[in-house]
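Enquirer: Need coordinates for the below:
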Amino acid sequence: MGAASADAVYGALAAFGLTLITDFLVRIQTPISILGALFLLWLGIKTLRTPPADHAAQAVGSTLPSMYASSFLLTITNPMTILSFLALFIGTGLMAEGGGSSPLHALTIVVGVFGGSALWWLLLSGGVGLLRERFTPQIMQWVNRISGLIIIVFALGKLLTIG
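Expert: Model prediction:
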């Protein structure tokens, strides 16, 4: 929930802030798209080549509030999160001309970001908790490879459609 809350904060900054600077962002959409696609390409290659971790990461905090605060701070201090929301909102046209002019529209996006992020993290952590013992290092290596290839395909697809 901490990560979902941080995503909602950044989603709000992007959604409400974009209503004020949409024209500027639309003008620089191509360079942003190129940089975003190149970043995804780098991320895909790095993911593809990364060996699986030797051991699971340890949770920080022992109470629900401390775990919430820990995940919130970890997510909110990641500068790529706000850039990801900006790129997503511009790239998908969520904040295109006229689309982001309403505060209600921006609020709807923020609620959707929070709900989607919360659902994603609940499903991901629940699924990993249920299947943890079945993930061998070999399976994790294949997960990295497949994930990396998918990210690379998305990056190349974006680079091919920029123009």
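
Enquirer: Helix or strand next in line after the lowest-mean-pLDDT helix or strand in the chain, which one?
Expert: Every helix and strand of the chain was ranked by mean pLDDT, DSSP states H and E. The lowest is helix 79-92, at a mean of 67. As assigned by DSSP states H and E, the chain's next helix or strand after helix 79-92 is helix 103-131.

Enquirer: burial of Thr75, as a residue count?
Expert: By other CB atoms under 10 Å, 19 other residues sit near Thr75. Bear in mind the C-beta positions are built from the backbone N, C-alpha and C, glycine included.

Enquirer: Find me the pLDDT at it, would you?
Expert: On the pLDDT scale, Thr75 is placed at 75.

Enquirer: Contact partners for it?
Expert: 2-3, 6-7, 81 (CB atoms under 8 Å, 6 or more residues apart in numbering).

Enquirer: So which of those residues wins on neighbours?
Expert: Asp7 (24 neighbours).

Enquirer: how far away is the closest residue to Ile76 other than its chain neighbours from Trp121?
Expert: Setting aside the residues directly before and after it, Ile76 is nearest to Ala6 in space (CB to CB, 6 or more residues apart in numbering), at 4.1 Å. According to CB to CB, to the nearest Å, Ala6 and Trp121 sit 11 Å apart.

Enquirer: can you name the two of the contacts of Thr75 that are farthest apart?
Expert: Gly2 and Thr81 (12.7 Å; CB to CB).

Enquirer: helices or strands up against the host helix or strand of Trp142?
Expert: Assignment of secondary structure by DSSP H and E places Trp142 within helix 137-161. Counting contacts by 3 or more CB pairs under 8 Å, 6 or more residues apart in numbering; DSSP states H and E, helix 137-161 packs against helix 29-49.

Enquirer: which parts of the helix it packs on are buried?
Expert: For helix 29-49, burial by neighbour count (16 or more other CB atoms under 10 Å) applies to 32-33, 36-37, 40-41, 43-44, 47-48.

Enquirer: got the contact list for the closest residue to Ser33 other than its chain neighbours?
Expert: Nearest residue to Ser33, sequence neighbours excluded (CB to CB, 6+ apart): Ile162, at 5.0 Å. Residues in contact with Ile162 (CB under 8 Å, 6+ apart) are 30, 33-34, 37.

Enquirer: Perfect, that will be all.
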